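Trainee: missing the sequence, but the structure's below:
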């Protein structure tokens, strides 16, 4: 594969702190909450966890894919303002589909290596509030004409360039790499089992913040807030990981005839938000969560979009002077089981270092927020096991791949 792409190295950037909400299933307790309010929740929480005055933030970067509220254009600005950031500090919307969380960190790292001291990064996604949309009726409806409204959440999975949905691109990879239905089901089963074990072990406890009903006040402006659905008073754990087995997965019908991908071995659809504080490593007054070392982003054929992490990781390693053996853990987004297995086959990755706490097949994939989740999960694993380097990566709809290299700041050889 070509090593073409964009590589960025960061001389003095670190993640000071990072948190997320629980990932909650489509239509669950977070389903009626605006992604702006989920973003405010984690924005406020990450600042409080870090013990940093919001007025010290110099830059706000925020991302969300779907326009899941009528004030969606204002998402970055309102997250910054209601998180307590100074009114004079600007806010920028960032979007790279499934790699939006990585792109937030890349842009923040570049800013703090320039003139920004501290950047607040927030990614928030309400899959439940994806709209039923129409794009051709601004001038009204003609008598007897077709009235066309479509489910944005479903239609967004389709790429008109190759004429394929995301599931079909994973089936393409299964054929290319000789992946059987049993193999992809086994990976899905392993993902759920690893995630359930991680829940039992409390592996997510440090990164998850409880979400409850609350109001966000901002002096001189209208209050905002969170009102949970389904009569919930609070949510404090990921809702999707569940016991399953190969027999149960095998009974599910493939999405496409002759394919291997099913609802059971594709990522769960969930709502959630995540936040990270990025600043200068040299200015951190306590051990940072992780040092941000470098990022790489590449383009790949849209019909094989899921392979994107492989060339992105190769470029990252090539330019940073490291090799696969130097990397203690990999967190690669599980868009579909065949997709992540194809990447693992292409790179000959050791499965004992890949998604060891389960992945998006079990936890879910709130598009913009997943990248931040992968990085914070990875960073805490490196610290827990005294590993030096980790790589988080994801494929991107339309045919891209992005990877981020981080370092454990308290690693001891």
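Mentor: Looks like it came in fine. If you're wondering where the values come from, they're calculated on a predicted model, not measured in any experiment. Residues are numbered from 1 along each chain as shown.
Trainee: quick check: buried residues in stretch 342-358?
Mentor: Residues of stretch 342-358 classed as buried: 342-347, 349, 353-358 (neighbour count, 16 or more other C-beta atoms under 10 Å). To be clear about C-beta, it is placed using only N, CA and C from the backbone, and glycine gets the same treatment.
Trainee: against which helices or strands is the longest strand along the chain packed?
Mentor: Longest strand in the chain by number of residues (criterion: DSSP state E): strand 6-20. Counting contacts by 3 or more C-beta pairs under 8 Å, 6 or more residues apart in numbering; DSSP states H and E, strand 6-20 is packed against helix 35-50, helix 100-112, strand 270-280, strand 290-299, helix 309-320, helix 370-384.
Trainee: go through these and pick out the most buried.
Mentor: Highest mean neighbour count among those (mean count of other C-beta atoms under 10 Å): strand 270-280, with a mean of 30.
Trainee: adjacent strands (with direction) for that strand?
Mentor: Next to strand 270-280 in the sheet, as set by DSSP bridges, lie strand 6-20 (antiparallel), strand 24-25 (antiparallel), strand 118-125 (antiparallel).
Trainee: nearest to residue 160, of the buried residues of stretch 342-358?
Mentor: Ranked by distance to residue 160 (C-beta to C-beta), the buried residues of stretch 342-358 are led by residue 342 at 22.9 Å.
Trainee: what about the helices in the stretch 301-413 of the chain?
Mentor: 309-320, 337-347, 360-363, 370-384 (DSSP state H, counting those that start in this stretch).
Trainee: residue 257: which of the ones you listed is closest?
Mentor: Judging the helices of the stretch 301-413 of the chain by C-beta to C-beta, what sits closest to residue 257 is helix 337-347, at 15.5 Å.
Trainee: now do that closest one, average pLDDT.
Mentor: Averaging pLDDT along helix 337-347 gives 98.
Trainee: then stretch 53-66?
Mentor: What stretch 53-66 shows for mean pLDDT is 97.
Trainee: what residues of that stretch count as buried?
Mentor: Within stretch 53-66, the residues scored as buried using 16+ other C-beta under 10 Å are 54, 56-66.
Trainee: among those, which two are most distant?
Mentor: Spanning the widest gap among the buried residues of stretch 53-66 are 56 and 66, at 31.3 Å by C-beta to C-beta.
Trainee: what about the most centrally placed residue in the chain, distance to residue 332?
Mentor: Among the residues of the chain, the one closest to the centroid is residue 370, at 1.1 Å (C-alpha atoms, centre = their mean). The spacing between residue 370 and residue 332, counted by C-beta to C-beta, to the nearest Å, is 11 Å.
Trainee: got it, and residue 100?
Mentor: Note on residue 100: its distance to residue 332, by C-beta to C-beta, is 16 Å.
Trainee: now do residue 104
Mentor: Counting by C-beta to C-beta - residue 104 and residue 332 are separated by 18 Å.
Trainee: circling back to that earlier point, which residues are common contacts for residue 370 and residue 332?
Mentor: Shared contacts of residue 370 and residue 332, defined by C-beta atoms under 8 Å, 6 or more residues apart in numbering, comprise residue 394.
Trainee: would you list every one of the helices in the stretch 101-250 of the chain?
Mentor: For the stretch 101-250 of the chain, helices defined by DSSP H, counting those that start in this stretch occupy the ranges 152-155, 166-177, 181-201, 246-250.
Trainee: any chance of the ones you listed in TSV, plus distance to residue 380?
Mentor: Compiled in TSV, these are given as follows (distance: least, C-beta to C-beta, whole Å):
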stretch	distance to residue 380
helix 152-155	31
helix 166-177	29
helix 181-201	11
helix 246-250	29
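Trainee: in the stretch 151-300 of the chain, what spans have low per-residue confidence?
Mentor: Along the stretch 151-300 of the chain, segments meeting pLDDT under 70 are nowhere present.
Trainee: ok, the nearest residue to residue 84 once chain neighbours are set aside - contacts?
Mentor: Closest residue to residue 84 apart from its sequence neighbours, by C-beta to C-beta, 6 or more residues apart in numbering: residue 54 at 3.2 Å. Neighbour list for residue 54: 44, 47, 83-86 [criterion: C-beta under 8 Å, 6+ apart].
Trainee: of all these, which comes closest to residue 188?
Mentor: Nearest to residue 188 among those, counting by C-beta to C-beta, is residue 44 at 35.2 Å.
Trainee: list the residues that contact the closest one.
Mentor: Residue 44 is in contact with 54, 82-84, 216, counting by C-beta under 8 Å, 6+ apart.
Trainee: now do 7 Å
Mentor: 83-84 (C-beta atoms under 7 Å, 6 or more residues apart in numbering).
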